[in-house]
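In: model this:
(2 chains)
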Protein chains: 2
Amino acid sequence: MKRKDFFKGAALGIISLPFAIKTCGGQNVAQDTSTNISGKKYKWKMVTTWPPNFPVLGEGCSLFAKWVKEMSGGRMEIKVYGGGELVPALEVFNAVSSGAAECGSGCAYYWAGIEPSAQFFASVPFGMNAQQMNAWILSGGGLELWEELYDKHNLIPMPGGNTGVQMGGWFRREINSMADLQGLKMRMPGLGGKVLAKAGGNPILIAGGELYTSLERGVIDATEWIGPYHDYIMGFHQIADYYYSPGWHEAGTTLEMLFNKEKFNALPEDLQAIMRAAAARLNIWMLSEFEAKNTLYLKKILAESKVQIREFPQDVLNQLKQYTDEVVAEVVASDDFAKKAYESYNNFRNEAVEWSKLTEKVFYNKIQM
Amino acid sequence: MKRKDFFKGAALGIISLPFAIKTCGGQNVAQDTSTNISGKKYKWKMVTTWPPNFPVLGEGCSLFAKWVKEMSGGRMEIKVYGGGELVPALEVFNAVSSGAAECGSGCAYYWAGIEPSAQFFASVPFGMNAQQMNAWILSGGGLELWEELYDKHNLIPMPGGNTGVQMGGWFRREINSMADLQGLKMRMPGLGGKVLAKAGGNPILIAGGELYTSLERGVIDATEWIGPYHDYIMGFHQIADYYYSPGWHEAGTTLEMLFNKEKFNALPEDLQAIMRAAAARLNIWMLSEFEAKNTLYLKKILAESKVQIREFPQDVLNQLKQYTDEVVAEVVASDDFAKKAYESYNNFRNEAVEWSKLTEKVFYNKIQM
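Out: Now for the predicted structure:
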């Protein structure tokens, strides 16, 4: 009879940490033995892939630093650098790996060139959404795989946010069939770009700062970005006629906090725990902020422009899903770890789908209409 | 031209905390002035509404205590009490308010008898799901209202978890129309129970420990509980024929951490920040754990029993939604604060629905099929 188990309850394996006097980095450190708190102060650098003070994503990094400073009573100060301020945005992984910076903020799909399977810890087209990604990472074995992958790069990863389901992008012409994707010049990086290429489109990489002008002048026909809040700031609603739903290429992109493994492990245990909690607080804050701000700015875009909302036709989505399977199969074939990581991802996804069919999916269709 | 704003970025109001020597509760406290960390140790009690070590909900409280102990370097130890161990489960609010315990864990709808509008910070039938609740509370003004409501009770609330969309419950007979709800004896507390009563049903309050026997012997015809994980432990799949989706009465129930205001405000600022981060970490952990475990146990229930999954007919849901509007209107009419709180809740909900129609809803229908 299982039903009585909850009254007994399983004993939890609460770990009593041995708060012994420690040495940090080989040096004996002044320590208040009555509290086991080291008096040592740390000044860390955080390099990020975001423009300085980038809404939500960069703001979140500043919040992370603020929370860590507060929780540590000022013992840990983290200076946040925007992309390009200390190292180029796409050098964050290497800079933290080498210890040039102690920590960093980015998104794992930026490191596909270094580790193809890193992408599975960020976003897979037609993959999991925010709630499912968090469940896989925090409670489904995802984090352990992510840590294993980054370990050989001297890095410790933590989930540090999620964008939620993104929008499908801004288009100067309608997409009514696969034929409309032929030759379409669209800014779309990563796996999504590869899927677009298989569909006959022309994925183009353009830096954020040049996107508006490129779209305005017809250098590109379309661009994806994030969602209404960031897209509004970019001004795309002033120059594109159609705003497409859904963001099939990024349905729940996980953002990452990166730590240099040696530097992290050399921290006293209280500061390590503080980092983990700050990352978790950032994770839930960021998703909430995206949800609230996108809700607000969708209304603003519709009120202030003549942009028309469109939904990709189901047959187009089905075909893109098929191409996605091919693209993912290529990544999986690229190395053994990719196979292992995707197996975990995909197994979790397939079972989560069955659960969502009784809950979240029904919620959106029959409860919150 | 708004599009360049993100390169400039809005300066963030990062607060530099004045880490001056402080007095705690009128006493001068030994303090390491080089780190501004007080050496004072705290031993707190957490009273909870959960059975001891209750899966996810009680486990989460133990994790909260573990994280706080780690982050504080052992300066803050919290002993967690199950419901009834120190005070009865439903006395948690009063016990923390009076300072008999410094903190507590529960769910705001338990305090409907003390503050009717507390329910809006837990769950409203046909209301918001987890992602939307977090967005409203953390980024949409919900927390400020919640704090205002609890302030006069000498309490500080924080969101500390979410169940996600729950299941609709276990039934010994099928529900094909409103007629099938007539006289239905069902365990259903709170607003959901009031809705059931309006529908002609007979909501019955039964303690968790007596539910299995009551359902087995036909004392009740149906019971809601949480989701597959907790329901499996209760053993309902052994004695009920039908498991209904969705949990229209609890589509994203927020759990709460409660703090005695005076005790909390008397803590050094670093420990206050540590509490906030631990609650946030618990918030995202709990939702992830529910999602992962429910996914797993749904499979287990279907493999190990002959229970049949059913979905409430849309016309039944529509009618229950109408009764919900009446029940909520009664709460809103009960005091001015309820009106203010529900207005905020409902405005946020209505706009979030529009956003979800382009994102999460499309995700479940057209991306993750």
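In: what does the stretch 101-250 of chain A put close to chain B?
Out: Within reach of chain B by Cβ under 8 Å from any Cβ of the partner chain, the stretch 101-250 of chain A has these residues: A:126, A:128-132, A:134-140, A:164-167, A:208-209, A:212, A:227-228, A:230, A:232-236, A:245-248. Backbone N, C-alpha and C define where each C-beta goes, glycine included.
In: ok, and what's touching the one helix or strand residue A:61 maps to?
Out: Using DSSP states H and E, residue A:61 falls within helix A:57-71. Here helix A:57-71 makes contact (Cβ atoms under 8 Å, 6 or more residues apart in numbering or on different chains) with A:46, A:48, A:50-53, A:76-80, A:82, A:105, A:160-161, A:255, A:257, A:274-275, A:277-279, A:281-282, A:285-286, A:289, B:9, B:12, B:14-15, B:17, B:71, B:269-270, B:273-274, B:276-277.
In: so where's chain A uncertain?
Out: A:1-36 (pLDDT under 70).
In: what about the helices in it?
Out: Secondary structure of chain A, counting by DSSP state H: helices at A:5-8, A:57-71, A:92-98, A:130-139, A:142-151, A:190-198, A:208-216, A:228-234, A:261-265, A:269-304, A:314-334, A:336-356, A:360-362.
In: between those helices, which gets nearest to residue B:220?
Out: helix A:5-8 (18.9 Å; Cβ to Cβ).
In: looking at the helices of chain A, which is buried most?
Out: When you average the neighbours per residue for each of the helices of chain A (mean count of other Cβ atoms under 10 Å in any protein chain shown), helix A:130-139 leads with a mean of 26.
In: that one versus helix A:269-304: what angle between them?
Out: With axes from the mean of the first three to the mean of the last three Cα atoms, to 10 degrees as the basis, helix A:130-139 and helix A:269-304 are set at 170 degrees to each other.
In: not counting sequence-adjacent ones, nearest residue to residue A:145?
Out: Distance criterion Cβ to Cβ, 6 or more residues apart in numbering or on different chains; nearest residue to residue A:145, sequence neighbours excluded, is residue A:341 at 5.1 Å.
In: what's the distance between the one you found and residue A:106?
Out: Distance of residue A:341 to residue A:106, given as Cβ to Cβ, to the nearest Å: 18 Å.
In: residues contacting the residue nearest to residue A:145?
Out: A:117, A:120-121, A:145, A:149.
In: and the residue nearest to residue A:192 when sequence neighbours are not counted, how far from chain B?
Out: Distance criterion Cβ to Cβ, 6+ apart; nearest residue to residue A:192, sequence neighbours excluded, is residue A:249 at 3.0 Å. As for residue A:249, its distance to chain B is 10 Å (criterion: Cβ to the nearest Cβ, to the nearest Å).
In: from residue A:169, how far out is residue A:235?
Out: Distance of residue A:235 to residue A:169, given as Cβ to Cβ: 15 Å.
In: repeat for residue A:206
Out: Taken as Cβ to Cβ, the span from residue A:206 to residue A:169 is 13 Å.
In: and for these two, which residues touch both?
Out: With Cβ under 8 Å, 6+ apart as the test, residue A:206 and residue A:169 both reach residue A:223.
In: so for those two, which residue has more residues nearby?
Out: The residue with more neighbours, out of residue A:206 and residue A:169, is residue A:169; 25 against 18, by other Cβ atoms under 10 Å in any protein chain shown.
In: so what's that one bridging to?
Out: Taking DSSP bridges as the rule, residue A:169 bridges to residue A:244.
In: now do the contacts for it.
Out: A:186, A:188, A:222-225, A:243-244, A:247.
In: the same query, at a cut-off of 6 Å, please.
Out: A:222-224, A:244 (Cβ atoms under 6 Å, 6 or more residues apart in numbering or on different chains).
In: can you redo these as a markdown table with neighbour count?
Out: As requested, the contacts of residue A:169 are exported to a markdown table (neighbours: other Cβ atoms under 10 Å in any protein chain shown):
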| residue | neighbour count |
| --- | --- |
| A:222 | 25 |
| A:223 | 24 |
| A:224 | 24 |
| A:244 | 22 |
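In: tell me which of those residues fall in strands.
Out: A:222-223, A:244 (DSSP state E).
In: quick one: which of the residues you listed is nearest chain B?
Out: residue A:244 (9.2 Å; Cβ to the nearest Cβ).
In: residue A:168 is in contact with that closest one, correct?
Out: Yes - using Cβ atoms under 6 Å, residue A:244 makes contact with residue A:168 at a distance of 3.6 Å.
In: that older thread, quick one, the helix holding residue A:61 and helix A:269-304 angle?
Out: Helix A:57-71 runs at 150 degrees relative to helix A:269-304, counting by the same axes, to 10 degrees.
In: please save the CA atoms from helix A:57-71 in PDB.
Out: C-alpha atoms of helix A:57-71 as PDB (Å, rounded to 0.1, in the frame of the first residue of the first chain):
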ATOM      1  CA  LEU A  57      19.600  39.700 -20.300                       C
ATOM      2  CA  GLY A  58      22.200  42.300 -19.400                       C
ATOM      3  CA  GLU A  59      20.100  43.800 -16.600                       C
ATOM      4  CA  GLY A  60      19.900  40.300 -15.200                       C
ATOM      5  CA  CYS A  61      23.700  40.100 -15.000                       C
ATOM      6  CA  SER A  62      23.800  43.300 -13.000                       C
ATOM      7  CA  LEU A  63      21.100  41.900 -10.700                       C
ATOM      8  CA  PHE A  64      23.100  38.800 -10.300                       C
ATOM      9  CA  ALA A  65      26.100  40.900  -9.200                       C
ATOM     10  CA  LYS A  66      23.900  42.900  -6.900                       C
ATOM     11  CA  TRP A  67      22.400  39.900  -5.200                       C
ATOM     12  CA  VAL A  68      25.800  38.200  -4.700                       C
ATOM     13  CA  LYS A  69      27.200  41.400  -3.200                       C
ATOM     14  CA  GLU A  70      24.200  41.700  -0.800                       C
ATOM     15  CA  MET A  71      24.300  38.000   0.200                       C
END
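In: do you know how far residue A:101 is from chain B?
Out: 19 Å.
In: my guess is that residue meets residue A:47, correct?
Out: Yes - with contact defined as Cβ under 6 Å, residue A:101 counts as touching residue A:47 (4.3 Å).
In: give me the common contacts of those two.
Out: In contact with both residue A:101 and residue A:47: residue A:95, using Cβ under 6 Å, 6+ apart.
In: more neighbours, those two?
Out: Per other Cβ under 10 Å, whichever of residue A:101 and residue A:47 has more neighbours is residue A:47, with 30 against 26.
In: correct me if wrong: the more buried one contacts residue A:92.
Out: Yes - taking contacts as Cβ under 6 Å, residue A:47 lies within contact range of residue A:92: 5.0 Å.
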